[in-house]
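> Sequence and predicted structure are below.
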Amino acid sequence: MRERLFEIIRKEYRQAFREPRMRFMLFLPPVIQLLIFGFAVNLDVDHGQIAWQDGDHSYESRELLSAFQASGRLEVTAVPSSDRESQALLDSSKVDLVVHVLPGFARDIHRGRTASVQLLVNGSNSNIANIVAGYANSIVGRFASDVAEEQTRERLAHSMAPAALHIAAPQVNLESRVWFNPELKSRNYFVPGIVVNILMQVTLMLTAMAIVREKEIGTMEQLMVTPIRPIELMLGKTLPFAMVGLVNMATAAGAAILLFRIPYRGSVLLLFACSLLFLMTSLGAGLFVSTISRTQQQAMMTTFLIFQPFFLLSGFTFPLRNMPISIQYLSLLNPVRYFIDIVRGLFLKGSGVDVLWPQMLALAIFGVTILTLSAMRFRKRLD
């Protein structure tokens, strides 16, 4: 059995690397995904463009402007003098935000009233709008806190009671610390997910196409009449692409660490162990596709129909908690969801088996079930 299995694996490697289409699918799609999500896809907003409309022209409004300019996150690129000019800037998407200081801003501050600052946000891109608006609210909030503190000191200094000079205004000191991704880089969130997508895409599609190719060119009947048992043929057709998937996964993980500087805090052995658990699902799905497809084109379309829902419902791009409750329950049947949680936990948190065991158990259950059912169907088709 060992010799027959070895010959099938060697034949599969020869055929895969000899055919241009297979060589293309082995290496180019993973490289393109890694480069696009590593370099091009970036949800961070480091330099938002804002317009400053000053309707008060006071010392206090200029101090607020200085606070915006000193933030390092927002750049004042336009100074409109009217509401019409501000609207034109938003309509043309030349700015992400318009800060409008209303008339009477300084007067209201000195009288202890609520001073108004209007933020007009360009909501055509909701991600940028939320981030820029958050920056602006934070700056205005710090400015208001500084003004309130200054007014408290002035009142205490002019108080008639001598004891009042020793009274300190109560303060709340807020200190925040971001765990696992201190710089809040979206790249650290996306790139580990690419490792999962590469492993699934390569093993799912190539396993299905490798078996369908034998049917399409008419060599499957020749294999069936040889002294090869169905289990040997199944292993010989799936193991090569499992190895290719692991190599691509290791290459992607290495590029994430060395090229994109994504921190990796977990166990390398645990990453490969969980990858093997996930391989049972992807290889099983590839076997299933091979039993229902007659041509390589059908296999490609079927794998796309399987891969796309798994991808969208995995939490790779869109947070699952933002989806409807029914969709969240549906995503529990998605093995990609659990593997993405594992890979991100290993990369960013350094999680171990004590934390990841529920996801690993789910992968094992899905993998054994899907691989067993697909293998039974595959063997039945051969018999």
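Received it, and whenever you're ready, just let me know what you need. Numbers count the residues shown, from 1 in each chain.

> Spell out the residue ranges of the strands in the stretch 101-250 of the chain.
117-121 (DSSP state E, counting those that start in this stretch).

> Over to residue 75. Which of the three states is it?
Per DSSP: H, G, I helix; E, B strand; the rest coil, the local secondary structure of residue 75 is strand.

> need the contact list for it.
47, 48, 49, 50 (C-beta atoms under 8 Å, 6 or more residues apart in numbering). Quick note: C-beta positions are derived from backbone N, CA and C, even for glycine.

> Pull out the buried members of those.
Among these, those classed as buried by 16 or more other C-beta atoms under 10 Å are 48, 49, 50.

> Just these: which are in strands?
For the buried ones among the contacts of residue 75, the ones inside strands are 48, 49, 50, with DSSP state E as the criterion.

> Looking at those, which has the smallest pLDDT value?
Minimum pLDDT for those is recorded at residue 48 (86).

> What's opposite that residue in the beta bridge?
residue 74 (DSSP bridges).

> Could you list the low-confidence segments of the stretch 1-150 of the chain?
Applying pLDDT under 70 to the stretch 1-150 of the chain flags the ranges 1, 16, 21-22.

> ok, 80 please
For the stretch 1-150 of the chain, the stretches with pLDDT under 80 are 1-9, 11-29, 37-46, 112, 124-127, 150.

> quick one, helices of it?
Along the stretch 1-150 of the chain, the stretches classed as helices by DSSP state H, counting those that start in this stretch are 2-18, 20-35, 59-69, 83-91, 105-110, 126-157.

> Mean neighbour count and distance to residue 212 for those - can I get that in a markdown table?
A markdown table is the format used below for the helices of the stretch 1-150 of the chain (neighbours: other C-beta atoms under 10 Å; distance: least, C-beta to C-beta, whole Å):
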| stretch | mean neighbour count | distance to residue 212 |
| --- | --- | --- |
| helix 2-18 | 14 | 13 |
| helix 20-35 | 15 | 12 |
| helix 59-69 | 16 | 60 |
| helix 83-91 | 15 | 52 |
| helix 105-110 | 16 | 70 |
| helix 126-157 | 14 | 40 |
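
> can you put these in CSV and add distance to residue 207?
What follows is those, written out as CSV (distance: least, C-beta to C-beta, whole Å):
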stretch, distance to residue 207
helix 2-18, 10
helix 20-35, 11
helix 59-69, 55
helix 83-91, 51
helix 105-110, 66
helix 126-157, 36
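
> Any idea which of those gets closest to residue 335?
helix 20-35 (19.2 Å; C-beta to C-beta).

> Show residues contacting that closest one.
For helix 20-35, using C-beta under 8 Å, 6+ apart, the contacting residues are 15-17, 191, 194, 197-198, 201-202, 205-206, 209, 244, 248, 251-252, 255-256.

> that older thread, between the buried ones among the contacts of residue 75, which is nearest residue 272?
Among the buried ones among the contacts of residue 75, and counting by C-beta to C-beta, the member closest to residue 272 is residue 48, at 41.4 Å.

> residues contacting that closest one?
With contact taken as C-beta under 8 Å, 6+ apart, residue 48 is in contact with 73, 74, 75, 96, 97, 128, 131, 132, 135.

> Just the closest of those to residue 55, please.
The closest of those to residue 55 turns out to be residue 97 (C-beta to C-beta; 16.1 Å).

> my guess is that closest one meets residue 123, correct?
No. Using C-beta atoms under 8 Å, residue 97 is not in contact with residue 123; the gap is 10.2 Å.

> could you pull out the helices for the stretch 201-350 of the chain?
220-225, 230-258, 268-292, 296-312, 325-330, 335-344.

> How far does the second one sit from its chain's centre?
Distance, stretch centre to chain centre, for helix 230-258: 23 Å (C-alpha atoms, centre = their mean, to the nearest Å).

> Ok, the fourth one next?
If you compare the mean C-alpha spot of helix 296-312 with that of the full chain, they lie 21 Å apart, counting by C-alpha atoms, centre = their mean.

> List of residues touching it?
The contact list for helix 296-312, computed with C-beta under 8 Å, 6+ apart, reads 197, 200-201, 204-205, 208-209, 212-213, 216, 285-286, 289-290, 292-293, 318, 334-336.

> mind listing what's buried in that helix?
So helix 296-312, judged by 16+ other C-beta under 10 Å, has buried residues 296, 298, 299, 300, 302, 303, 306, 307, 310, 311, 312.

> closest to residue 235 among these?
residue 299 (19.4 Å).

> Okay, that closest one and residue 305: tell me how far apart.
As for residue 299, its distance to residue 305 is 11 Å (criterion: C-beta to C-beta, to the nearest Å).

> Same question for residue 244.
23 Å.

> Restrict stretch 314-334 to CA atoms and write it as CSV.
Output in CSV follows, covering the C-alpha atoms of stretch 314-334 (Å, rounded to 0.1, in the frame of the first residue of the first chain):
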residue,chain,number,x,y,z
SER,A,314,-16.3,34.1,8.8
GLY,A,315,-15.8,37.5,10.5
PHE,A,316,-12.8,38.1,8.2
THR,A,317,-14.0,41.5,7.0
PHE,A,318,-17.4,42.1,8.7
PRO,A,319,-17.8,41.6,12.5
LEU,A,320,-20.3,38.8,13.2
ARG,A,321,-21.8,40.7,16.1
ASN,A,322,-23.0,43.4,13.7
MET,A,323,-25.0,40.8,11.6
PRO,A,324,-28.6,39.8,12.3
ILE,A,325,-29.1,37.2,15.0
SER,A,326,-30.3,34.6,12.5
ILE,A,327,-27.1,35.1,10.4
GLN,A,328,-25.0,34.8,13.6
TYR,A,329,-26.5,31.5,14.4
LEU,A,330,-26.0,30.4,10.7
SER,A,331,-22.3,31.3,11.0
LEU,A,332,-21.9,28.7,13.7
LEU,A,333,-22.0,26.1,10.9
ASN,A,334,-19.0,27.8,9.2
